[in-house]
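Q: could you look at this predicted model? Sequence included:
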Amino acid sequence: MELAPGLHRIGNDIVAAYLIDTEAGITVVDAGLPGHWTELLVELSRMGKSPEDIRGLILTHGDSDHVGFAERLRRDHGVPVFIHEADAGRARGEKPPATARPRMRAGATLGFFWYALRKGGGRTRHLTEVVEIQGEHVLALPGSPRVIPLPGHSPGSIAVHVPAVDALFVGDALTTRHVLTGQRGPQPAPFTDDPQRALDSLARLEDVRASWVLPGHGTPWTEGVDELLRRLRAAAV
């Protein structure tokens, strides 16, 4: 669906990925689950585009529900996949560390895992090649996306700021819909390696201005970055 001119989302509030459409081509942020491939093709067709118009895919981190169609896009269409070096191994299939047992509600948890199963979450193909990125810098991709490291959810978690579409993509650095409880609103994401570090890292977003804040899980946020961080920190207490 088109959120704004040049800004598109596939998936839903459970798992989402995003497309940035510019005259120079398309940048994709995250790759959802394997079954989102069909949604990607449908959205590209609506835009009058094809996978050949995609110039790069940026992964906000290497968890399986974000790398879904990445290898297919890389292998079949030659699209380079960018990920922070600290998460490159995770994107290639290395098992993440165990995390503390998160809060759960049966209905929301079952809904999340049922959706993931229907979208091919059990048959994710991990990456065989990636372009490793380091530190904070601007990538030479459509929209000139700026990478902002946000370690905590995983060592290589990042946010991606794209002023060209007035958007900030935050992956699992935070969520606006907890996939295991169904609770809505800004809050820490479950399955986080180091919750305190993840919370501390969000200070790097305090000077970012964006009309759209787009998480990997949850409703797009349009009330400003400052208000987002305020509510998230309150929820984390």
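A: Sure, I can see it.

Q: can you count the residues close to G56?
A: The local packing of G56 (other CB atoms under 10 Å) involves 22 other residues. In this view, the C-beta of every residue, glycine as well, is placed from N, C-alpha and C.

Q: I meant to write P186 there.
A: P186, neighbours per other CB under 10 Å, totals 23.

Q: repeat that for M1.
A: Quick note: M1 (other CB under 10 Å) scores 11 neighbours.

Q: for it, report the pLDDT, please.
A: What the model reports for M1 is a pLDDT of 95.

Q: contacts only, for it.
A: Contact partners of M1, counting by CB atoms under 8 Å, 6 or more residues apart in numbering, are 8-10, 43.

Q: same question, H8
A: 1-2, 18-21, 43, 47.

Q: re the thing from before, out of the contacts of M1, which sit inside strands?
A: Applying DSSP state E to these, the entries found in strands are 8-10.

Q: rebuild those residues as CSV, extending it with distance to P220.
A: Shown next, in CSV, are the ones in strands among the contacts of M1 (distance: CB to CB, whole Å):
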residue, distance to P220
H8, 11
R9, 7
I10, 13
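
Q: which residue lies nearest the spatial centre of the protein?
A: When CA atoms, centre = their mean is applied to the chain, the residue found nearest the centroid is G171 (3.3 Å).

Q: now, of the contacts of H8, which are buried?
A: Burial by neighbour count, judged by 16 or more other CB atoms under 10 Å, picks out 18-21, 43 from those.

Q: for stretch 179-194, the distance to its chain's centre please.
A: Going by CA atoms, centre = their mean, to the nearest Å, the spacing between the C-alpha centre of stretch 179-194 and its chain's C-alpha centre is 14 Å.

Q: out of the contacts of H8, the closest to T181 would be?
A: T181 has its nearest neighbour among the contacts of H8 in Y18, at 23.9 Å by CB to CB.

Q: that closest one: which element?
A: strand 16-22 (DSSP states H and E).

Q: could you check the pLDDT of A100?
A: 69.

Q: got it, and the one 10 residues further on?
A: At L110 the predicted local distance difference test score is 87.

Q: got a list of what it touches?
A: So L110 contacts nothing (CB under 8 Å, 6+ apart).

Q: assign it to helix, strand or coil.
A: helix (DSSP: H, G, I helix; E, B strand; the rest coil).
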